[in-house]
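In: Quick one, structure for this:
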Amino acid sequence: MSRALRWRQLLTVALLFGGYAACYFCRADLSVATPLLVDELGSRGISHADAILHIGQIVSLGVFAYALGKLFLTGLGDFWGGRPNFLIGLGGATVFTALFALGGALPLFTIAWVGNRLTQSIGWSALIKVSSKWFSYSRYGTIAAILTCSYLVGDEAAKTWKEQGLRGALVLTTSANAAVAKKGSLAYDTSKAAANHLVRELAIELAPLVRVNGVAPATVVEGSAMFPLDRVIGSLAKYAIPYDKDEPAESLVGKLARFYADRTLTKSPITPADQAEAYFILVSQRLSKTTGQVITVDGGLHEAFLR
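Out: Residues are numbered from 1 along each chain as shown. From the prediction side, this is the model:
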């Protein structure tokens, strides 16, 4: 597989991940706004019980519209193609979310919410349609699993931060591998590239109250739960690093850590403490004007230099 194709695959998954997360961010509007809607309706003489009833009706109509869309609209991707369908879903969610925010009466709220759910209904099938063009059928399960996580991230982030209404800082962990295309780790590298783009998307969505950044470490061996002894030995064998199975575990771990360190410009192993420093400055006030950025902690891995 060519390097150019790998980069296009990474970009495709990153855009699909970010776009679908944005759709679900829009989907959280009604649940977040419900207390405010109840108060607004109460100021117009509608009792709390009746207000809850009206909102319940809006939710039910939205679910019905979503079901109808799944039944009758998702197949349009077979005629129009996955990309137009995905853009319709994302664009529709954006437009109807704006309409929901501008609305001042129940009929307009209802139209906006029904339209939101109806256009979003075609998003998932379009996402699968697009991804199927870029990946072998043997990878469908892995890619779908990666992309499915996007709606959980978008949904929970929207609810938590909007409900709190407080300033905060969110730091995601990605990887130097997000920028390094290589053979044998397609799913992992692709998911990390998507996480890098998610940092930028969330920085826009959650501004101005929440700063969103990322930390992208290179391989961490010492002190990492991702490298039990059997994996360390497997990696030593994979890279033809001389070792003795009777060596102490600390010695084997040290050899592998040194191997990874020698591939960097600083020739220093990456430790959990190194990562912790990056997290600290991002959540503290030292970088209070920084958002939408990914800081690398990789010892100077030149393969990950952005082009």
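In: count of residues packed around the closest residue to Thr74 other than its chain neighbours?
Out: Among residues not flanking Thr74 along the chain, Ser125 sits closest, at 3.9 Å (Cβ to Cβ, 6 or more residues apart in numbering). In this view, the C-beta of every residue, glycine as well, is placed from N, C-alpha and C. The local packing of Ser125 (other Cβ atoms under 10 Å) involves 21 other residues.
In: again with Asn85
Out: 26.
In: Report the residue spans of the stretch 51-200 of the chain with pLDDT below the cut-off.
Out: 77, 103-104, 124, 132-159, 161-162, 187 (pLDDT under 70).
In: For it, just list every one of the strands.
Out: Assigned by DSSP state E, counting those that start in this stretch, the strands in the stretch 51-200 of the chain fall at 168-173.
In: quick one: the residue nearest to Thr74 and Thr190, what's the gap?
Out: For Ser125, the distance to Thr190 (Cβ to Cβ, to the nearest Å) stands at 20 Å.
In: Now do the domain split for this structure, please.
Out: 1-162, 229-262 (automatic domain parsing).
In: quick one, longest strand in this structure?
Out: In the chain, assigned by DSSP state E, the strand with the most residues is strand 210-217.
In: Tell me which helix or strand comes right after it.
Out: Next along the chain after strand 210-217, taking DSSP states H and E as the criterion, comes helix 229-238.
In: The helix or strand following that following helix packs against which elements?
Out: Using DSSP H and E, the helix or strand that directly follows helix 229-238 along the chain is helix 249-262. Secondary-structure packing of helix 249-262 (3 or more Cβ pairs under 8 Å, 6 or more residues apart in numbering; DSSP states H and E): helix 229-238.
In: Pull out the buried positions in the helix it packs on.
Out: Val232, Ile233, Ser235, Leu236 (16 or more other Cβ atoms under 10 Å).
In: which non-adjacent residue is nearest the second one?
Out: Nearest in space to Ile233, with sequence neighbours left out and distances taken as Cβ to Cβ, 6+ apart, is Leu252 at 6.5 Å.
In: Okay, the one you found and Glu303: tell me how far apart.
Out: 25 Å.
In: which of those two has more neighbours?
Out: Ranked by neighbour count (other Cβ under 10 Å), Leu252 and Glu303 place Leu252 first, with 21 against 14.
In: List the contacts of the more buried one.
Out: Contact analysis of Leu252 by Cβ atoms under 8 Å, 6 or more residues apart in numbering lists Leu229, Val232, Ile233, Leu236, Tyr243.
In: Then Ile58?
Out: Counting by Cβ under 8 Å, 6+ apart, Ile58 has contacts Leu30, Leu106, Phe109, Thr110, Trp113.
In: The third one contacts Glu40, doesn't it?
Out: No - counting by Cβ atoms under 8 Å, Phe109 stays clear of Glu40, with 9.9 Å between them.
In: Comparing the two, which residue is more hemmed in?
Out: The neighbour comparison of Phe109 against Glu40 (other Cβ under 10 Å) goes to Phe109, with 22 against 16.
In: Looks like the residue nearest to Thr74 contacts Asn85 (just checking).
Out: Yes - between Ser125 and Asn85 a contact is recorded at 7.0 Å, counting by Cβ under 8 Å.
In: rewinding a little: among the contacts of Ile58, which pair sits farthest apart?
Out: Farthest-apart pair in the contacts of Ile58 is Leu30 and Leu106; separation 12.4 Å (Cβ to Cβ).
In: quick one: the residue sitting furthest away from the middle of the chain from Ser235, how far?
Out: Distance from the C-alpha centroid of the chain, by Cα atoms, centre = their mean, peaks at Asp246 (42.4 Å). Distance from Asp246 to Ser235, counting by Cβ to Cβ: 18 Å.
In: Give me the number of neighbouring residues for Ser185.
Out: Neighbours of Ser185 using other Cβ under 10 Å come to 14.
In: ok, for it, nearest residue in space, not its chain neighbours?
Out: Using Cβ to Cβ, 6+ apart, the nearest residue to Ser185 is Asn177, at 6.8 Å.
In: Please tell me how far that neighbour sits from Cys23.
Out: 27 Å.
In: So for those two, which sits in the more crowded spot?
Out: When Asn177 and Cys23 are compared for neighbours, Cys23 comes out ahead with 26 against 23, by other Cβ under 10 Å.
In: hang on, the more buried one packs against Arg117?
Out: No - with contacts counted by Cβ under 8 Å, Cys23 stays clear of Arg117, the gap being 10.5 Å.
In: wait, what's in contact with the closest residue in space to Leu166 that isn't next to it in sequence?
Out: Nearest residue to Leu166 in three dimensions, chain neighbours excluded: Leu209, at 7.0 Å (Cβ to Cβ, 6+ apart). With contact set as Cβ under 8 Å, 6+ apart, Leu209 has these partners: Trp161, Gly165, Leu166, Arg167, Gly168.
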